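**Q** Got a predicted model here, sequence first, then my questions.
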Protein chains: 4
Amino acid sequence: MYFRCIELLESRGVKIDDIVECVAYLQKGYDLSSTAVMREAVENVIRKREVQHAIITGVYLDMATERKEIKDDYLYHILASDYSLYGVDEVLAYGICNLYGSIALTNFGYIDKDKPCIIKSLNSKVDGVCNTFLDDIVGAIAASAASRIAHGVKIL
Amino acid sequence: MYFRCIELLESRGVKIDDIVECVAYLQKGYDLSSTAVMREAVENVIRKREVQHAIITGVYLDMATERKEIKDDYLYHILASDYSLYGVDEVLAYGICNLYGSIALTNFGYIDKDKPCIIKSLNSKVDGVCNTFLDDIVGAIAASAASRIAHGVKIL
Amino acid sequence: MYFRCIELLESRGVKIDDIVECVAYLQKGYDLSSTAVMREAVENVIRKREVQHAIITGVYLDMATERKEIKDDYLYHILASDYSLYGVDEVLAYGICNLYGSIALTNFGYIDKDKPCIIKSLNSKVDGVCNTFLDDIVGAIAASAASRIAHGVKIL
Amino acid sequence: MYFRCIELLESRGVKIDDIVECVAYLQKGYDLSSTAVMREAVENVIRKREVQHAIITGVYLDMATERKEIKDDYLYHILASDYSLYGVDEVLAYGICNLYGSIALTNFGYIDKDKPCIIKSLNSKVDGVCNTFLDDIVGAIAASAASRIAHGVKIL
């Protein structure tokens, strides 16, 4: 399942390194971890079953929207337009962050407003492309990985 | 959108009165509210935008599963079998309950384990039928309505 | 800090074995894990920093209430009477459960309504005793440990 | 209870207008609401019972820390130093934000990282002053009020 998720993210234009960049962004002002440590944290988050389920569910909805397979008209328009009050995408993202504690939630809120690195390009509206869930999922993985590192560093 | 949600729930076999029954179940041991009060509380919950979004998203995934439209094999099998460790269905449900405070969350946990009234029949596995999201959404609406009433009664 | 928490719980009448009993209660209907496995899961949960912080904060508030040190009258009466709409105790408990995913949240809701084993006696009102936070914390630890086991068992 | 909370906040140096300023900060880039609308939203949030309970509990812990009444040494040092991995303060804040949906959570994460307006001064460490809980509570109220407005504006 882990490799399936990595594959799925890559097919949507998101590489592990893109998420690592977001983690680095969140660490500005703190001691920056090495890329290897950040990468390991990101991989670790993606290994968690609940995270994997969020990924395959969210990315499926994005892709079904692009393929115009969503037969519910309301839902199709909400997803295709990334309607700002939709909220289910963030609910999925919080389902990920909650597993990593309050620092992850705070990180997510920050990244979701600032939209750094790959999250910015995922957010730019391009005709025929739907990343309504993906941008939040990527943000949640980065926020969770950064929280994992924060807890780890201070423990030692 | 409210009527669309009511319609959608009815098309999946869930009437407002079925949810009211779940609310009554949650009130056992407390002063039972009148049916009118419980019904109003349920309708009120369904009027909330975030609740409506959870309903149309979850029910769509259930229906797409029944129609075998889910092109992701992993996701299809998870949804079709109501895999017990899936969790995204509960994450959506908690997205609803969170809006109604900690009593709603506790109520949901209880109803999700006990599976009273309509929730039981939604949960019984029938070939070709998928209610993976619906049972949790109905439980969350009932739990939230009961929490609304609990807060209301004690305020006065 | 781990030992400090164990000590604190014991000073309030809660032994690890009492929490293990609650875990066993939550596993009814599933394959019951061995006591050693459940005990390890409980200890593991208590080793988590955010859980430790919830324990020392909640137990402190309970003890300060018993010692009548709470100088805010509103707060004192709420805590001393375990006011049913207070909610901050459950919010702390959910802060624990969230770290263990949606199964932990559901388990907590169930245990909080049913109040099995030690949770029942923690809940019985005794003059001069305040366990407003403790019962929810114990329930949250048990719910989280049971969730940990559920995820672990199914992975293998 | 509402007036008790307003009083309590003021006694800690936080006026409604300070929170309104934070709401305005969160609205940058959107249509700015009138001060009257923002003020009403803030007051509305503080009228919610679960919010009031978070306020009196958090502010009590801050004040008890300043008065050196916290008899648990671990907890005292955590609170007096505003230990960055404590997390219970954010858990209380999320207990508020959750009531206002995912936009409130995102707003909170943003405000908690950026620390605008009064939140900045609450955060600056001054000898003998403890605002460990207060800064998060103020942030949560502002984030929730801004979310309330966002939902309201788009509905009409």
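**A** Received, thanks.
**Q** rest of the way, CA atoms for contacts and neighbours
**A** Noted.
**Q** any idea which element the residue most central in space within chain A lies in?
**A** Centroid-nearest residue in chain A, with C-alpha atoms, centre = their mean: A:V138, separated by 1.6 Å. Element membership for A:V138, per DSSP states H and E: helix A:134-155.
**Q** Could you do A:D127 as well?
**A** A:D127 belongs to no helix or strand, assigned by DSSP H and E.
**Q** Read off the pLDDT value for it.
**A** A:D127 is assigned a predicted lDDT (pLDDT) of 89.
**Q** Just give me the neighbour total for it.
**A** Neighbourhood size, A:D127 [other C-alpha atoms under 10 Å in any protein chain shown]: 9.
**Q** now A:N44
**A** 15.
**Q** And A:V59, by the same measure?
**A** So A:V59, with other C-alpha under 10 Å, has 24 neighbours.
**Q** gap between it and A:M1?
**A** 14 Å (C-alpha to C-alpha, to the nearest Å).
**Q** tell me the phi and psi of A:K125?
**A** phi -70, psi 120 (degrees, to the nearest 10).
**Q** Tell me how many other residues crowd it.
**A** 14.
**Q** And for A:R67?
**A** Considering only other C-alpha under 10 Å, A:R67 is surrounded by 12 other residues.
**Q** Now do the same contact list for the residue nearest to the centre of chain A.
**A** When contacts are counted by C-alpha atoms under 8 Å, 6 or more residues apart in numbering or on different chains, A:V138 touches A:I19, A:I119.
**Q** Could you report the pLDDT at it?
**A** 98.
**Q** Which positions within the helix holding A:V138 qualify as buried?
**A** A:134-151 (16 or more other C-alpha atoms under 10 Å in any protein chain shown).
**Q** mind exporting that helix as PDB, just the C-alpha atoms?
**A** The C-alpha trace of helix A:134-155 is given here as PDB (Å, rounded to 0.1, in the frame of the first residue of the first chain):
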ATOM      1  CA  LEU A 134      -4.300  16.800  -3.000                       C
ATOM      2  CA  ASP A 135      -3.100  20.200  -1.800                       C
ATOM      3  CA  ASP A 136      -4.500  19.600   1.600                       C
ATOM      4  CA  ILE A 137      -3.200  16.100   1.800                       C
ATOM      5  CA  VAL A 138       0.300  17.200   0.900                       C
ATOM      6  CA  GLY A 139       0.100  20.000   3.400                       C
ATOM      7  CA  ALA A 140      -1.000  17.600   6.100                       C
ATOM      8  CA  ILE A 141       1.800  15.100   5.400                       C
ATOM      9  CA  ALA A 142       4.400  17.900   5.500                       C
ATOM     10  CA  ALA A 143       2.800  19.400   8.700                       C
ATOM     11  CA  SER A 144       2.800  15.900  10.400                       C
ATOM     12  CA  ALA A 145       6.400  15.200   9.400                       C
ATOM     13  CA  ALA A 146       7.600  18.500  10.800                       C
ATOM     14  CA  SER A 147       5.700  17.800  14.000                       C
ATOM     15  CA  ARG A 148       7.300  14.300  14.200                       C
ATOM     16  CA  ILE A 149      10.700  16.000  13.900                       C
ATOM     17  CA  ALA A 150       9.900  18.700  16.500                       C
ATOM     18  CA  HIS A 151       8.900  16.100  19.100                       C
ATOM     19  CA  GLY A 152      11.900  13.900  18.200                       C
ATOM     20  CA  VAL A 153      14.500  16.600  18.400                       C
ATOM     21  CA  LYS A 154      13.400  17.800  21.800                       C
ATOM     22  CA  ILE A 155      13.200  14.400  23.300                       C
END
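**Q** gap between stretch A:83-96 and the chain center?
**A** The chain centre lies 11 Å from the centre of stretch A:83-96; the measure is C-alpha atoms, centre = their mean, to the nearest Å.
**Q** ignore the last one, stretch A:7-19
**A** 10 Å.
**Q** Would you mind listing the buried residues in it?
**A** A:L8, A:L9, A:R12, A:V14, A:I16, A:D18, A:I19.
**Q** Can you give me the end-to-end span of that stretch?
**A** From start residue to end residue, stretch A:7-19 stretches across 14 Å - C-alpha to C-alpha.
**Q** for stretch A:44-51, same thing?
**A** Note: stretch A:44-51 ends 10 Å apart using C-alpha to C-alpha.
**Q** any idea of the mean pLDDT in it?
**A** Mean predicted confidence for stretch A:44-51 is 96.
**Q** Point to the helix or strand of chain A where mean pLDDT is at its lowest.
**A** Sorting the helices and strands of chain A by mean pLDDT, DSSP states H and E puts helix A:134-155 at the bottom, at a mean of 89.
**Q** how far out from the middle of the chain is that one?
**A** 10 Å.
**Q** same deal with stretch A:60-70?
**A** Worked out by C-alpha atoms, centre = their mean, stretch A:60-70 lies 18 Å from the chain centre.
**Q** neighbouring contacts of that stretch?
**A** Against stretch A:60-70 from outside (C-alpha under 8 Å, 6+ apart): A:Y76, A:L79, A:A80, A:G128, A:V129, A:C130, A:N131, A:T132, A:F133, A:L134, B:D72.
**Q** So which bits of it are buried?
**A** Buried residues in stretch A:60-70 (16+ other C-alpha under 10 Å): A:Y60, A:L61, A:D62, A:M63, A:A64, A:T65, A:E66, A:I70.
**Q** what does chain A have sitting close to chain B?
**A** Within chain A, the residues that sit near chain B (C-alpha under 8 Å from any C-alpha of the partner chain) are A:50, A:53-54, A:56-57, A:60, A:72, A:75, A:86-88, A:91-92, A:95.
**Q** rerun at 7 Å
**A** By C-alpha under 7 Å from any C-alpha of the partner chain, the part of chain A that sits against chain B consists of A:E50, A:H53, A:A54, A:I56, A:T57, A:L75, A:Y86, A:G87, A:V88, A:V91, A:L92, A:G95.
**Q** Let's have these in TSV, adding distance to chain C and neighbour count.
**A** Listed next are the residues of chain A next to chain B as TSV, based on distance: C-alpha to the nearest C-alpha, whole Å; neighbours: other C-alpha atoms under 10 Å in any protein chain shown:
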residue	distance to chain C	neighbour count
A:E50	7	23
A:H53	12	23
A:A54	12	24
A:I56	17	20
A:T57	16	20
A:L75	25	17
A:Y86	22	20
A:G87	18	21
A:V88	16	24
A:V91	13	26
A:L92	12	26
A:G95	8	28
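**Q** Max pairwise distance over the residues you listed: which two?
**A** A:E50 and A:L75 (23.9 Å; C-alpha to C-alpha).
**Q** And the helices in chain A, which stretches?
**A** Applying DSSP state H to chain A gives helices spanning A:2-11, A:16-26, A:35-46, A:49-66, A:73-81, A:88-97, A:101-114, A:117-123, A:134-155.
**Q** can you tell me which of those the model trusts least?
**A** helix A:134-155 - the lowest mean pLDDT of those, at a mean of 89.
**Q** For A:G128, which residues are in contact?
**A** A:E66 (C-alpha atoms under 7 Å, 6 or more residues apart in numbering or on different chains).
**Q** ok, it to A:M63 distance?
**A** Counting by C-alpha to C-alpha - A:G128 and A:M63 are separated by 10 Å.
**Q** Now the buried members of the contacts of stretch A:60-70.
**A** Buried, going by 16+ other C-alpha under 10 Å: A:Y76, A:L79, A:A80, A:V129, A:C130, A:N131, A:T132, A:F133, A:L134, out of the contacts of stretch A:60-70.
**Q** Of the residues you listed, just say which sits nearest to B:T106.
**A** Of these, the one sitting nearest to B:T106 (C-alpha to C-alpha) turns out to be A:F133, at 28.0 Å.
**Q** Can you lay out the contacts of stretch A:60-70 as JSON lines showing distance to C:K28?
**A** As requested, the contacts of stretch A:60-70 are exported to JSON lines (distance: C-alpha to C-alpha, whole Å):
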{"residue": "A:Y76", "distance to C:K28": "42"}
{"residue": "A:L79", "distance to C:K28": "41"}
{"residue": "A:A80", "distance to C:K28": "45"}
{"residue": "A:G128", "distance to C:K28": "50"}
{"residue": "A:V129", "distance to C:K28": "47"}
{"residue": "A:C130", "distance to C:K28": "44"}
{"residue": "A:N131", "distance to C:K28": "42"}
{"residue": "A:T132", "distance to C:K28": "40"}
{"residue": "A:F133", "distance to C:K28": "37"}
{"residue": "A:L134", "distance to C:K28": "38"}
{"residue": "B:D72", "distance to C:K28": "34"}
